[in-house]
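In: have a look; sequence and predicted model below, questions after that.
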Amino acid sequence: MTTKTITSGTFSTPATSDAGVSTRRMTAALLLILAGLVLIFTVGFAQGSGGFLHNAAHDTRHAATFPCH
């Protein structure tokens with residue numbers, strides 16, 4: 001007589017775990033890119049309050065030796 005034992009459990013394969021990590025990394029990358037674009041356009045087109053936000057970003061670019069115009 002032969003007895004087969006079936007165990008229940010969750011086993012993660014490398015392909016499954018890599019897909020989860022890849023998805024999380026892609027989501028994080030897309031969110032960071034979106035946040036960067038929002039920041040660039042917010043500072044670039046800031047006109048209110050005497051241009052304080054725009055001028056602060058402008059001066060920071062000069063202080064970091066990046067050309068801006």
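Out: Ah, there it is.

In: quick one: list the elements packing against the host helix or strand of L32.
Out: With elements delineated by DSSP states H and E, L32 resides in helix 14-44, which encompasses its position. Helix 14-44 is packed against helix 52-63, with contacts defined by 3 or more Cβ pairs under 8 Å, 6 or more residues apart in numbering; DSSP states H and E. Glycine gets a C-beta too; all of them are placed from N, C-alpha and C.

In: show the average pLDDT along the helix it packs on.
Out: In this model, helix 52-63 has an average pLDDT of 77.

In: and if you look at stretch 28-35?
Out: Averaged across stretch 28-35, pLDDT comes to 96.

In: tell me the buried residues in it?
Out: Neighbour counts using 16 or more other Cβ atoms under 10 Å place no residue of stretch 28-35 among the buried ones.

In: run a quick neighbour tally on H58.
Out: Taking other Cβ atoms under 10 Å as the neighbour definition, H58 ends up with a count of 15.

In: how close does it sit to V43?
Out: When Cβ to Cβ, to the nearest Å is the yardstick, H58 and V43 sit 9 Å from each other.

In: same thing with M26?
Out: 26 Å.

In: and what of G20?
Out: Plainly put, G20 is 35 Å away from V43 if you go by Cβ to Cβ.

In: neighbour-wise, which of the two wins?
Out: Comparing G20 with V43 by other Cβ under 10 Å, the one with more neighbours is V43, at 16 against 10.

In: test my guess that that one contacts H54.
Out: Yes: applying Cβ atoms under 8 Å as the test, V43 and H54 come out as touching, 6.2 Å apart.
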